[in-house]
Each structure stands twice: as C-alpha cells, then as structure tokens.
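Chemist: Attaching a predicted model along with its sequence, questions to come.
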Amino acid sequence: MKIAIDGPSASGKSTIARLLSQRLGIPYLETGLLYRFFGYIAYKRGTIELPPDELFKEDFKVVIDVGKTEVYWKGKRLSEELRGEEVGRYASLLGEVPAFRERMIKFFRELVGSSQVVGEGRDVGTHIFPQADYKFFITASPEERARRRYLELKERGMDVSYEDILKAIQERDYRDANRPLYPFKPAEDALIIDTTNKRVEEVLEYILSIIKER
Ligand SMILES: Nc1ncnc2c1ncn2[C@@H]1O[C@H](COP(=O)(O)OP(=O)(O)OP(=O)(O)O)[C@@H](O)[C@H]1O
Ligand SMILES: Nc1ccn([C@H]2C[C@H](O)[C@@H](COP(=O)(O)O)O2)c(=O)n1
C-alpha cells in the first residue's frame, strides 16, 4: 500500500505522516527532508546553479523506516542543520528547477520501488506516486501555519518572529504554487483536509477511518 500526504509548509503533514506510518507499520518517506538536504548543499555553496547530476554526486545516504526518514552526508546524520527557514528557502528555489524535480521524482521512485510507503511532501500524490492507494492533502490557513512554525522554532530555541515566518510562508506558498512547471497543487483525487481548527489526533483518526473503510 502507498499513501500520499501532501500539503503546504507547516500544515502538519510531516506530523500526520509520521504518526500514520507508526500506526500502520509502514515506512515513512519525508520528501521535504531530501529537498532540504540539497538546499543545505546549495546554501553552503551559495548558489542553486548546480546541475542535478552534480548534486547527486554528493556522498549521501537515505534511510526510510517506520516513523522516520534519515539523511546521512559523509557518514554523519543531518537533522537540525536541515530544519531552518533559510535552508527551506534554498530547497524551495531548487524545487522550481524542472530538471532537479524530475531527478528527485526518479530518485524517490527508485528508493521505494514496489514497497509500501507513507510518502509526504508537495508532489507525492501528483508526480512521485500518482498511483498511490490513498491521497490526502493536509492544509491550514497561512496564519495558523505560521503560528505552528513559530511555536516549533521557538521550542527549538530559535530567535524568530511570527511576522517574518508568516511572510516566508506566504512567499514560499506563492513560489511553490506559481512554478511554470510542476506547480504545487492537490492531486485531483486527493482528499483535502483543512486542519486549521483540528487537533493532530482528530486528523489522524479521521485518516485512519478512511483507510479502514476501504
Ligand atoms: N493540527 C495541528 N494543530 C496544531 N499544531 C500542529 C498540528 N499539526 C502539526 N502541528 C504542529 O505544527 C508544526 C509543523 O508541523 P509539521 O512539521 O508536521 O508541518 P509540515 O507541513 O510537515 O511542515 P514543513 O513541510 O514545512 O516541514 C509542528 O510543531 C507540529 O507539532
Ligand atoms: N516533494 C517536495 C518536498 C519539498 N519541496 C520543497 C518545497 C518546500 O518549500 C521545501 C522544503 O520542504 P518542507 O520541509 O517545507 O516540506 O522543499 C518540494 O518542492 N517538493
């Protein structure tokens, strides 16, 4: 079984996908983490003008398992290095490059093959696994998503402002949705779930009820 969970930044899709993976015992693929990894490489080099084939020559490894996706670079697991807004911005800018996105789609398909997966990101249900058995699009208002991201980064001890995060989210939403090729949008057959006024547990139980119904 393949489940696609897509949605905009800070909508809560990683939280839901990770919990769903654990409840179902199916490996979790956090595609945004790989975009963030290459965004990190581009950030360190100060440019996104990097051919996909050159980026993929990096010494990296991806491990997907129940409840987790891990990225290793030169043998070291990267985590906090990938979570900041600046790396996210570089990741988003790379996501605008069609050749890079096509290379990422190929990479994810080869990584998962015919195995079961809960795939989460922006284009899992539209392009990575269009034949997924279930497709959910998790969203929330920009203000609520900024609030969630603000609380998340503050809990990590980062000195951030709600206003800056809201602006970054709105800019990224606009950029992701207005890409000439591969614009960010829900799959036509995705079930859209607005979580603005919903708790994580409510969203998870609702999704599980949909999966168990079939
Ligand atoms: N329904 C919810 N209500 C309140 N907070 C939530 C909800 N869902 C997730 N959160 C919190 O919002 C923050 C962002 O969630 P998460 O990282 O899952 O979003 P995301 O869509 O994967 O973000 P991104 O794609 O930008 O990485 C986390 O701190 C998470 O605990
Ligand atoms: N499948 C994906 C996953 C992510 N991206 C881009 C878009 C985001 O701005 C950025 C970071 O992802 P996040 O950690 O916020 O999920 O990477 C994409 O274009 N396609």
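Modeler: Received the coordinates, thanks. Numbers count the residues shown, from 1 in each chain. Ligands and ions are numbered 1, 2, ... in the order given.
Chemist: number of nearby residues for residue 60?
Modeler: Applying other C-beta atoms under 10 Å, we find 17 other residues in the vicinity of residue 60. The C-beta positions use only the backbone N, C-alpha and C, and glycine is treated the same way.
Chemist: Who are the contact partners of it?
Modeler: Counting by C-beta atoms under 8 Å, 6 or more residues apart in numbering, residue 60 touches 37, 71-74.
Chemist: Now that we have those, which of them are buried?
Modeler: Listed as buried from the contacts of residue 60 are 37, 71, 73; burial here means 16 or more other C-beta atoms under 10 Å.
Chemist: which SS class is the second one?
Modeler: Classification of residue 71 into helix, strand or coil gives strand, according to DSSP: H, G, I helix; E, B strand; the rest coil.
Chemist: what sits opposite it in the beta ladder?
Modeler: For residue 71, the beta-bridge partners under DSSP bridges are residue 62, residue 78.
Chemist: Indicate whether stretch 169-182 makes contact with ligand 2.
Modeler: Yes: under the criterion of C-beta under 6 Å from any ligand atom, ligand 2 is reached by stretch 169-182 at 172, 176.
Chemist: avg pLDDT for that stretch?
Modeler: Mean pLDDT, computed over stretch 169-182, is 86.
Chemist: quick one: contacts of it?
Modeler: Stretch 169-182 is contacted from outside by 8-10, 88-89, 92-93, 95-96, 98, 101, 122-123, 126-127, 142, 145-146, 149, 183-185, using C-beta under 8 Å, 6+ apart.
Chemist: Give the buried residues for that stretch.
Modeler: Neighbour count says stretch 169-182 has 169, 172-173, 176, 182 buried, by 16+ other C-beta under 10 Å.
Chemist: can you map out the helices along this protein?
Modeler: 13-24, 31-45, 52-55, 85-95, 98-112, 142-155, 162-177, 200-213 (DSSP state H).
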